[in-house]
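Enquirer: What follows is a predicted protein model with its sequence.
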Amino acid sequence: MIDVKDLVVSYGTATALDHLTLTVGRGEMVALLGPNGAGKSTLANTLAGLLKPTSGTVRSDGRVALIPEGRQLFPDLSVADNLALGGWRSGQRDPSLVYDLLPRLAELAGRRAGVLSGGEQQMVAFGRAMMSRPDVLVVDELSLGLAPTVTADLAAHLTALNSEQGLTVLLIEQNARLAFELCRRAYVLESGRLVTEGECAVLADDPRVASAYLGGAIT
Ligand SMILES: Nc1ncnc2c1ncn2[C@@H]1O[C@H](COP(=O)(O)OP(=O)(O)OP(=O)(O)O)[C@@H](O)[C@H]1O
């Protein structure tokens with residue numbers, strides 16, 4: 001569903017992704033971990049078509065939607081208008097599917113996005129992505145700055161979409177515990193290169209991964 005081969009993405013002379021190869025199969029939910037500056041958002045933006053590869057290829061079947069880092073809402077527009085912008089490319093005007101999925105958004109529809117809490121804003125970004133009826137969802141930092149209960153609520157929605165509707169998900173996360181809970185497989189990126197990949201259960205027992213991302217071994 002997502003097939004990235006030998007991908008190089010540069011900003012001028014600075015290389016952010018350095019010959020990256022990874023795949024996410026149809027209906028899979030796969031995690032991508034990495035420290036600040038590893039190139040995670042660069043990959044997300046390239047998958048969403050916002051950045052062009054310098055070399056290598058990025059292929060995906062079907063429509064790709066992005067929940068961008070920092071949400072990137074239009075703060076002066078209403079929640080309903082932010083959602084409508086998400087449906088612009090696919091011609092999807094009716095937000096009722098998204099309101100069925102995330103009923104709180106129907107209650108917030110008339111509110112200005114800029115006055116919402118961080119969790120509510122992330123829900124709007126989630127709903128906006130779903131307005132395009134994606135086959136593949138790239139989530140750039142679901143949990144960033146959110147309370148654990150809010151993150152858990154959003155994660156439950158994501159898991160349901162993946163397991164019940166077969167949505168393919170690439171979950172980019174700083175919170176490795178969350179990523180390992182939600183995903184079976186993960187890739188670890190550092191300085192634009194893959195340093196390890198595999199089953200989350202195995203990675204969690206890898207001392208390098210545990211000390212860098214889990215604050216010590218998982219018990
Ligand atoms: N617009 C830009 N112009 C120049 N360099 C950039 C630009 N955007 C990102 N970079 C650089 O590319 C590298 C990868 O950045 P990127 O934002 O993809 O990392 P990240 O893993 O998402 O980091 P974070 O977790 O902090 O968001 C970094 O060295 C960053 O400084």
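Expert: Received it, and whenever you're ready, just let me know what you need.
Enquirer: going forward, measure contacts and count neighbours with C-alpha atoms only.
Expert: Fine.
Enquirer: can you list contacts of the lengthiest helix in the chain?
Expert: If each helix of the chain is counted by residues according to DSSP state H, the longest one is helix 148-165. For helix 148-165, contacts defined as C-alpha atoms under 8 Å, 6 or more residues apart in numbering pick out 27-29, 101, 119, 123, 142-143, 167-169, 182.
Enquirer: where along the protein do the helices fall?
Expert: Along the chain, the segments classed as helices by DSSP H run 40-47, 79-86, 96-101, 104-108, 118-130, 148-165, 176-182, 200-203, 207-213.
Enquirer: Make CSV out of these and add distance to the ligand, mean neighbour count and mean pLDDT.
Expert: Rendered in CSV, the data for those read as follows (distance: least, C-alpha to the nearest ligand atom, whole Å; neighbours: other C-alpha atoms under 10 Å; pLDDT from 0 to 100):
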stretch, distance to the ligand, mean neighbour count, mean pLDDT
helix 40-47, 4, 22, 96
helix 79-86, 22, 23, 94
helix 96-101, 27, 15, 91
helix 104-108, 27, 16, 95
helix 118-130, 16, 24, 94
helix 148-165, 17, 15, 93
helix 176-182, 13, 19, 92
helix 200-203, 19, 17, 92
helix 207-213, 13, 16, 78
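Enquirer: As TSV, the ones you listed with distance to residue 67 would be great.
Expert: Formatted as TSV, the entries for these read as follows, by distance: least, C-alpha to C-alpha, whole Å:
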stretch	distance to residue 67
helix 40-47	9
helix 79-86	10
helix 96-101	14
helix 104-108	16
helix 118-130	6
helix 148-165	12
helix 176-182	16
helix 200-203	23
helix 207-213	22
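Enquirer: Nearest to residue 190, out of these?
Expert: Between residue 190 and these, the tightest spacing by C-alpha to C-alpha is seen for helix 40-47, at 9.0 Å.
Enquirer: For beta bridges, what are the partners of the most centrally placed residue in the chain?
Expert: When the chain is reduced to its mean C-alpha position, the nearest residue by C-alpha atoms, centre = their mean turns out to be residue 139, at 0.8 Å. Residues in a beta bridge with residue 139, per DSSP bridges, are residue 67, residue 171.
Enquirer: Contact partners for it?
Expert: Residues counted as contacts of residue 139 (C-alpha under 8 Å, 6+ apart) are 44, 66-69, 169-172.
Enquirer: again with residue 95
Expert: By C-alpha under 8 Å, 6+ apart, the neighbours of residue 95 are 80, 83-84, 131.
Enquirer: got a pLDDT number for it?
Expert: If you check residue 95, the pLDDT there is 89.
Enquirer: Against the ligand, how distant is it?
Expert: Relative to the ligand, residue 95 is positioned 30 Å away (C-alpha to the nearest ligand atom, to the nearest Å).
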